[in-house]
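1. Show me how the following folds:
(2 chains)
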There are 2 protein chains.
Amino acid sequence: MRTAFSVTIKNLGQIIKVKPEETLSQALARFNIPLRFDCGQRGVCGKCQVKILKGQVNPPGRQEKYILEFLKVDPSIRLACLTKPKGDLEIEVPSESLVQSVKILEKGVTTSFPYCPSLRQYLFTLEKPRVSSPSSLVERVKKVLALPELEFPLDILNQLGEEARELPKKMQLVIYQDKEVISLEADSSPTPLLGLAVDLGTTTVVGELLDLESGRSLAVASALNQQIRLGTDVITRLSEALISEGKRRTLQRAARRTINALIHKLCQKTGYHEENILEVVIASNTAMNHLLLGLPIHTLARAPYTALFQYLPEEKAQEVGLRISPRGKIFLAPNIQSFIGGDISAGLLATRFFEKSGRYLYLDLGTNGEIVLRNKNRFWGTSTAAGPAFEGVGLSVGMMAAPGAIYQVSATPSLEIKTIGRRKARGLCGTGLIDILSIALQKKWLSQNGRILLRERQIKLTPQVALAQDDVRKLQMALAAVKAGVKIVMAKAELDFDQLDGLYLAGAFGSELNIANAMAIGLLPAIDPAKVYFVGNASLAGARCLLLNYTLREELISQIKRINFLSLAREKDFQNIFIKSLNLSPYPEKE
Amino acid sequence: MRTAFSVTIKNLGQIIKVKPEETLSQALARFNIPLRFDCGQRGVCGKCQVKILKGQVNPPGRQEKYILEFLKVDPSIRLACLTKPKGDLEIEVPSESLVQSVKILEKGVTTSFPYCPSLRQYLFTLEKPRVSSPSSLVERVKKVLALPELEFPLDILNQLGEEARELPKKMQLVIYQDKEVISLEADSSPTPLLGLAVDLGTTTVVGELLDLESGRSLAVASALNQQIRLGTDVITRLSEALISEGKRRTLQRAARRTINALIHKLCQKTGYHEENILEVVIASNTAMNHLLLGLPIHTLARAPYTALFQYLPEEKAQEVGLRISPRGKIFLAPNIQSFIGGDISAGLLATRFFEKSGRYLYLDLGTNGEIVLRNKNRFWGTSTAAGPAFEGVGLSVGMMAAPGAIYQVSATPSLEIKTIGRRKARGLCGTGLIDILSIALQKKWLSQNGRILLRERQIKLTPQVALAQDDVRKLQMALAAVKAGVKIVMAKAELDFDQLDGLYLAGAFGSELNIANAMAIGLLPAIDPAKVYFVGNASLAGARCLLLNYTLREELISQIKRINFLSLAREKDFQNIFIKSLNLSPYPEKE
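-> Purely as a prediction, here's the structure:
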């Protein structure tokens, strides 16, 4: 017998030596080819598929046949952990069989994480017990799957007992975090394992449906938070919830309905069933996650503004009222503090903020402006009530980034506008507002202190769309809030703006934001534009990370404890700095 | 200032030196006086009470005042972990303040275990949050209690939020296994924490109500297993359950009803409320625990007799249908094997069978006879279907050990009987049956092969009570089953009877069993009588251990894996040995 065979991996252009007693998965691992085997080479997950192009291998056994038939794969496909060569081979390793890493942020910075979802499907045959000293059925399943800590809920135990009337039987088990059996089926066809990442914003809610077996994104959908009828900003909604438990429940139902409607929409789009969704990860600010759970917010709404919880273990979807699988789970991205919620912790995770060393500013501009600063190993965080002006809400001329919104304005030298969907202009969204403010300053239509200098006291973009004096005032207030926050945090960290290694901009502004204009009016500090990264909806990206790799949850919970919270209201210079920041001018000011 | 004060502990007759900056609990610990502080000297459990008899100490702070008032103790009582001497002292350490160990078996062998129940009550004041950077309420509670892994169910989180409307507030938290909050109350009076140990036997069910804060037994009650209407032995009941799911549910309900009736009885006896019971530990054979949970028993009832589970994590009482606190938990003593259940694992725990070294035989004689043998570091276990004859069931003259049962017979030389409760004799219970068999043999009323030699073909004890030929046959069968089992296990272990260091006898026979008679008829092997220990209801004692020290649960689960199961039916000599064992004669036979 030969001591080793040559195995040519065609698609990787590599030739490896494989011993006859060795499985292909062992050999590939020896050559550092990162083959996926979610079950630890026990032949029960079906992930280590390879294609045999040429040469002889052992015939598949019963277990392998079961998996290959179950997954309805091409006849040339074999499971590497159950296949041994009988001579030289030519094989192909499909990219799906290689360890996945999940691309999280495509915009601005690309980050990726290893793939490790909460849910895994295992396929195996429960054999007849040996006649002498038979172990219990549960012990035998644990042994086959090499998961000694596995727990069976009573109803699934019941099912297992019923299915075991006749053995051997082919089983499919879905297991949560290697610990809890979520479903058991026998002799059925594969069921999809889906997860949902949600950015539950004060104004906008975005959901992304993902296939947990491949990590693939299936669909994205967004909707207005239905709570908006009860108040446009967080403070109004908290005040509303304070009135009575009834009002609080109304807010809870509105949040639930918003997410359930998104779930329905995503399922309709993709043809999947709600029951196929087994986990939801939600990134949301502290008020939103308290309201979604229907929790009292007395302490959150009043000084000194204390959250009820910072983080919670995974809750049952049923208890939260989300319409997914009855065994489904909900995880909330952890809150950093009462005013820096899970939306920010998720965003920091997506940008790998805690893993870098250096000096970075993270800015999330939504209804609130959250600011996190890293100066090497020290972290500061604060929150500033910018209001929804940047989202176009509350302005006579503002609108969300929807068809008909002017998202870009340029002066060449006459005003030129671009609208979303090339529709007739209906109003201005965030990026358009920044552009027109900057242009109006340049053209002296607007003074630095925000007075419209034109006789008509408005800045006309189209016959229907004009920026009014009141709109400018609201934008000034929002800008000043952010600017003052950034200045105070930088001062606290004793950092100069030119020392920053990077600025992450997350939130309402997409990559269409004109950096020069944003710096000209003082929305962003005037640093090297190459250091500014638009990370878009980093909260959603973070929720995706937490969904596709559950081990990151505990890590994030421990990392956020490093952030020192800064209460702007308690900084003695705040009023002063805020008033100075109302000026529409770049910062930091030159000496 | 003095560098140390003298503290005289009056009731222990000890004088210790205490530094002025030291708390009394620190000093007592330094002198190895095992003071209880369930909360780790954080001043939130109230267990380290000492009585100040003479001398000056610091005045109590708010937290200490709260606990002392809450517990309504004598004004001279202080908490040692919050008390520092201001001069020489005389104190008393009440025995309740010392680390408890729980006496488990009072009969035969006395064993005791350290005390560590699943449930603990913590008392503390939730203060107003600091104004700068307030932590969440949950984080603050975790910090006060030094329990960073603590989890709050959503409804208790809700309660916490409501209670936190006005702070500071005095809180009582009941916590399960240092991990899960079970109840939260504010400004209320102490609630008792009770637990229930149950021996769920095929025939008899015994329950013991315990105070989990002191380990004290409050009451014991017993009842017939209501399943008995559906079959007197395990095999009949399993066959019944096989007929239909309906029958299985009927058996489940009967078991539930039996335990719920016991709970009701114990609460009536003691004046407590069902809701005060927070945990139930049940020791039961494999069939009983499967039936109680309503699980399918197809695999358990048919060869090769496979249990569905060996052990389960703590289940919710509600899911099992037991009427205790809605947040209560149920733990089942782990099954060793299909035919050696949690009743035996519990009994082995109570006798510390796994901790000893040496050679021991454990014999549980109930409806089944279970045999566990330890030969130094090797363990064997088997089960033999003795039937309920020893419990008096199925015999014309038999009865349970209840008033009117003849429990002792002696020949002086005429027959003398003793009945339970000195009532008129109604029948014979186990120990009486053994006595009369042995006497009848001696008097040649009975041949060794079990034939009644008297002309009337019965052995009269009173005008109403007589042992019939058929009764003797049933007893012979039961005896032979046990005897054959013991012989085979001893042979397997290559052990001679005179090598045994001890024999534990658990089950139906109380300490009234006449050892000489039991040996004469071959119920027990003829070894040195001083080596025979009557351990009585060791299953109930084991359930009590598991209730009062939850850390033993995991340990027991790992220990039982050491036992090798022996299937008597598969031993080729079994028939042969069984038939030989039918003889009413001592064993081992002399050469």
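2. so A:Val93 touches A:Ile33, yeah?
-> Yes. Using CB atoms under 8 Å, A:Val93 is in contact with A:Ile33, at 6.8 Å. C-beta here means a position set from N, CA and C on the backbone, and glycine is covered the same way.
3. between those two, who's got more neighbours?
-> Each of A:Val93 and A:Ile33 has its neighbours counted (other CB atoms under 10 Å in any protein chain shown); A:Val93 has more, 23 against 18.
4. ok, the residue of the stretch 401-550 of chain A found nearest chain B - contacts?
-> Residue nearest to chain B within the stretch 401-550 of chain A: A:Lys492 (12.8 Å; CB to the nearest CB). Contacts for A:Lys492 (CB atoms under 8 Å, 6 or more residues apart in numbering or on different chains) come out as A:380, A:566.
5. where along the stretch 201-350 of chain A do the helices fall?
-> For the stretch 201-350 of chain A, applying DSSP state H, counting those that start in this stretch gives helices covering A:234-243, A:245-270, A:286-292, A:298-301, A:317-320, A:342-350.
6. Now list whatever residues contact both of A:Val93 and A:Ile33.
-> In terms of CB under 8 Å, 6+ apart, A:Val93 and A:Ile33 are both contacted by the residues A:9, A:12.
7. before we move on, back to that, point out the most buried one among the helices of the stretch 201-350 of chain A.
-> Stretch with highest mean neighbour count among those: helix A:342-350 (a mean of 32; mean count of other CB atoms under 10 Å in any protein chain shown).
8. So in chain A, where's the weakest helix or strand by average pLDDT?
-> Taking mean pLDDT, DSSP states H and E as the measure, strand A:101-105 is the helix or strand of chain A with the lowest mean score, a mean of 60.
9. immediately after that one, which helix or strand?
-> Next along the chain after strand A:101-105, taking DSSP states H and E as the criterion, comes strand A:111-114.
10. Parallel or antiparallel, list what pairs with that next one.
-> Strand pairing for strand A:111-114, using DSSP bridges, gives strand A:101-105 (antiparallel).
11. near chain B, which residues of the stretch 301-450 of chain A show up?
-> Neighbours of chain B within the stretch 301-450 of chain A, by CB under 8 Å from any CB of the partner chain: A:303-310, A:312-313, A:315, A:319-320, A:335, A:337-338.
12. which among the residues you listed gets closest to B:Leu212?
-> Relative to B:Leu212, the closest of these is A:Pro313; by CB to CB it sits at 25.1 Å.
13. Need the three-state assignment for A:Phe379.
-> Each residue gets one of three states, and A:Phe379 gets strand by DSSP: H, G, I helix; E, B strand; the rest coil.
14. Mind pulling up the pLDDT for it?
-> Reported pLDDT at A:Phe379 in the predicted model: 97.
15. Now A:Ala287: closest residue in space, sequence neighbours ignored.
-> Leaving aside its sequence neighbours, A:Ala287 sits nearest to A:Val234 (CB to CB, 6 or more residues apart in numbering or on different chains; 4.7 Å).
16. give me every residue that touches A:Ile330.
-> A:279-282, A:314-317, A:320, A:322.
17. what does the stretch 151-300 of chain A put close to chain B?
-> By CB under 8 Å from any CB, the residues of the stretch 151-300 of chain A that approach chain B are A:151-152, A:154, A:157-158, A:160-162, A:164-165, A:293-299.
18. What count of nearby residues applies to A:Gly341?
-> Counted with other CB under 10 Å, the neighbours of A:Gly341 add up to 32.
19. which residues of chain A score low on pLDDT?
-> Within chain A, the stretches with pLDDT under 70 are A:1, A:100-111, A:131-133, A:508, A:510, A:591.
20. and it, what are its domains?
-> Following automatic domain parsing, one finds the domains of chain A at A:5-97, A:119-186, A:194-342.
21. Kindly provide the distance from A:Glu90 to B:Thr270.
-> Per CB to CB, to the nearest Å, A:Glu90 is found 78 Å from B:Thr270.
22. got the buried residues for stretch A:389-399?
-> Residues of stretch A:389-399 classed as buried: A:389-393, A:395, A:397-399 (neighbour count, 16 or more other CB atoms under 10 Å in any protein chain shown).
23. Show the contacting residues for A:Ala146.
-> Neighbour list for A:Ala146: A:39-40, A:42 [criterion: CB under 8 Å, 6+ apart].
24. Any chance of a markdown table for these, columns neighbour count and distance to chain B?
-> Formatted as a markdown table, these follow (neighbours: other CB atoms under 10 Å in any protein chain shown; distance: CB to the nearest CB, whole Å):
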| residue | neighbour count | distance to chain B |
| --- | --- | --- |
| A:Cys39 | 23 | 22 |
| A:Gly40 | 12 | 22 |
| A:Arg42 | 18 | 21 |
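25. Same list (the contacts of A:Ile330) but as TSV, adding distance to A:Ser135.
-> Putting the contacts of A:Ile330 into TSV (distance: CB to CB, whole Å) gives the following:
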residue	distance to A:Ser135
A:Glu279	31
A:Val280	36
A:Val281	37
A:Ile282	41
A:Glu314	30
A:Glu315	34
A:Lys316	31
A:Ala317	33
A:Val320	38
A:Leu322	38
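26. Weed out the non-buried ones from those residues.
-> A:279-282, A:314-315, A:317, A:320, A:322.
27. hang on, the earlier thing: between the contacts of A:Ile330, which sits nearest chain B?
-> A:Glu315 (6.5 Å).
28. Is it correct that the closest one is in contact with A:Leu322?
-> No. Contact criterion CB under 8 Å: A:Glu315 and A:Leu322 do not qualify, at 9.6 Å.
29. What separation is there between A:Glu275 and chain B?
-> According to CB to the nearest CB, to the nearest Å, A:Glu275 stands 22 Å off from chain B.
30. cool, and A:Val372?
-> Using CB to the nearest CB, we find A:Val372 at a distance of 14 Å from chain B.
31. In the sheet, which residues pair with that residue? Tell me.
-> Note on A:Val372: beta-bridge partners A:Tyr362, A:Gly381, judged by DSSP bridges.
32. who touches it in this structure?
-> Shown in contact with A:Val372 (CB under 8 Å, 6+ apart): A:336, A:340, A:344, A:348, A:353, A:361-362, A:379-381, A:563.
33. where does the closest residue to A:Ile344 other than its chain neighbours fall, phi/psi-wise?
-> Distances taken as CB to CB, 6+ apart place A:Glu370 nearest to A:Ile344, at 4.9 Å, with adjacent residues excluded. Dihedral angles of A:Glu370 (phi, psi; degrees, to the nearest 10) stand at phi -110, psi 140.
34. for A:Glu370, what are its contacts?
-> If you count contacts by CB under 8 Å, 6+ apart, A:Glu370 has them with A:339-340, A:343-344, A:362-364, A:381-384.
35. go with 7 Å
-> The contact partners of A:Glu370, taken as CB atoms under 7 Å, 6 or more residues apart in numbering or on different chains, are A:340, A:344, A:364, A:383.
36. is it true that the third one touches A:Leu505?
-> In other words, A:Asp364. No. A:Asp364 is beyond contact range of A:Leu505, at 8.2 Å (criterion: CB atoms under 7 Å).
37. Name the residues that touch the helix or strand encompassing A:Leu503?
-> For A:Leu503, the host element (DSSP H and E) is strand A:502-507. Here strand A:502-507 makes contact (CB under 7 Å, 6+ apart) with A:347, A:351, A:360-366, A:524, A:527, A:531-536, A:538.
38. quick one on the thing from earlier: reformat the helices of the stretch 201-350 of chain A as a markdown table; add distance to B:Val50.
-> Shown next, in a markdown table, are the helices of the stretch 201-350 of chain A (distance: least, CB to CB, whole Å):
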| stretch | distance to B:Val50 |
| --- | --- |
| helix A:234-243 | 46 |
| helix A:245-270 | 45 |
| helix A:286-292 | 43 |
| helix A:298-301 | 37 |
| helix A:317-320 | 44 |
| helix A:342-350 | 46 |
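39. for the ones you listed, which one sits closest to B:Arg2?
-> Among the helices of the stretch 201-350 of chain A, the nearest to B:Arg2 by CB to CB is helix A:298-301 (46.1 Å).
40. Sounds good, over and out.
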